[in-house]
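1. Just a sequence and a predicted model for now, questions to come.
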Amino acid sequence: MHAIGRRPLTVLTITDVDADRRAVDRAGAMLRAGRLVALPTETVYGLGANAYDDEAVRRIFLAKGRPADNPLIVHLAAADHLDRVAATISPLARSLAARFWPGPLTIVVDAAPGLPDVTIGGLTTVAVRVPAHPVARAVIAAAGVPVAAPSANRSGRPSPTTADHVAADLAEHVDLLIDGGPTGLGVESTVVDARTEHPVIYREGALTREQLGFAVTGDATRAPSPGTRYRHYAPTCEVEIVEPEHLAARAIALQAEGLRAGTVAPSQLHTPGAVPIARFGDVDELARDLYRALRDAESADIDVLLCTAVPETGVGRAVMDRLRRAAAR
Ligand code: AMP
Ligand code: MG
């Protein structure tokens with residue numbers, strides 16, 4: 001007998017890593033054995049595999065439809081595991097790790113010679129981080145191996161901030177989905193090259209430039225991560241960035257064309273005739289809710305999702321970066 005149709009998806013809810021110890025150990029054992037485990041981090045949900053298992057990592061690329069030249073972030077349970085994946089660790093990498101790990105900072109270092117090519121996308125460097133989410137850290141510690149984990153979405157889609165988002169994109173590819181509730185920050189980690197004494201931001205993210213506190217010598221547009229070359233974060237509807245003062249007029253114009261407009265806008269702005277998909281009090285709230293909004297706009301049959309621009313300070317930089325990519329045609 002052959003199984004017909006979709007593979008049933010195994011979902012484990014883990015809210016307390018001590019109380020749910022058996023689930024944590026089970027997830028860790030699966031990762032070690034080469035299975036794919038989707039798990040919550042403080043940024044977005046990740047699709048994890050043993051970073052040293054070529055076959056398992058290849059399945060991540062297949063599941064996501066991710067281009068092979070877009071390397072994965074390798075996740076560690078603790079900063080002092082960095083030498084398990086790095087060939088050399090610069091003083092800058094060491095001090096960034098000491099200061100910001102666990103947390104939403106990904107550090108690019110020279111890759112250890114044994115790290116599979118598929119994990120690092122054929123580069124000689126590896127992007128590494130220690131997530132702050134207790135479930136992610138406990139599961140990676142239980143795995144006992146570095147865990148390669150890109151965001152757990154189909155390539156090009158908005159990143160997942162709930163277990164439901166993961167299931168919607170990847171149900172038939174995931175061996176285990178850990179539901180740890182909605183993620184806290186909602187945008188991906190900041191990627192910084194720390195191979196020399198001059199830090200270079202490769203991708204804007206949840207850790208802000210203000211928090212990093214150094215004058216960066218390069219910027220994300222001149223020295224991008226390979227992944228930033230690809231179209232990203234795009235729902236099936238159109239996304240348009242508008243200044244708050246033009247929101248109402250733009251919504252009316254769309255309605256006049258017979259189109260259904262949705263809005264992602266500050267709570268105090270009311271846009272008659274448009275469907276409110278997300279209202280936010282501040283930019284942190286917007287960051288947390290943005291990917292959910294992009295996905296919900298699809299299910300609400302929105303033709304054009306109008307997103308108000310936010311100032312490019314703090315996490316506003318990462319938010320505007322993601323909005324521009326979602327809006328790119
Ligand atoms: P994701 O995990 O899907 O958020 O994507 C990880 C991001 O990190 C992508 O933009 C990758 O291109 C980037 N990245 C991974 N490894 C490296 C590396 N060695 N150098 C620069 N960027 C990297
Ligand atoms: Mg991603």
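-> Okay, I see it. What you see is a predicted model; the values in this text were computed from it and never measured. Numbering: from 1, shown residues only. Ligands and ions are numbered 1, 2, ... in the order given.

2. Is the longest helix anywhere in the chain positioned near ligand 1?
-> The residue-count maximum for a helix in the chain (DSSP state H) belongs to helix 283-299. No - contact of helix 283-299 with ligand 1 is not found when judged by C-beta under 6 Å from any ligand atom; the minimum separation is 11.6 Å. (Each C-beta comes from the backbone N, C-alpha and C, glycine too.)

3. Now do that helix: everything it contacts.
-> 44, 158-162, 165, 168, 182-187, 206, 233-237, 239, 262, 264, 277-278, 280, 305, 310-311, 314-316, 318-319, 322-323, 326 (C-beta atoms under 8 Å, 6 or more residues apart in numbering).

4. could you flag which of those are buried?
-> By neighbour count, with 16 or more other C-beta atoms under 10 Å, these hold 44, 158-162, 165, 168, 182-187, 206, 233-235, 237, 239, 262, 264, 277-278, 280, 305, 310, 314-316, 318-319, 322-323, 326 as buried.

5. just checking, which of the residues you listed belong to helices?
-> Going by DSSP H, the helices hold His165, Ala168, Gly316, Ala318, Val319, Arg322, Leu323, Ala326 from the buried ones among the contacts of helix 283-299.

6. What are the phi and psi values at whichever residue of the chain sits closest to ligand 1?
-> Residue nearest to ligand 1 within the chain (C-beta to the nearest ligand atom): Gly227, separated by 2.3 Å. Gly227 has phi and psi values of phi -60, psi -20 when expressed as degrees, to the nearest 10.

7. count of residues packed around the closest residue to it other than its chain neighbours?
-> Leaving aside its chain neighbours, Gly227 sits nearest to Asn70 (4.7 Å; criterion: C-beta to C-beta, 6 or more residues apart in numbering). Asn70: 17 surrounding residues under other C-beta atoms under 10 Å.

8. On the three-state scheme, Asn70 is what?
-> Under DSSP: H, G, I helix; E, B strand; the rest coil, the three-state class of Asn70 is coil.

9. Now do it, the pLDDT please.
-> As predicted, Asn70 sits at a pLDDT of 95.
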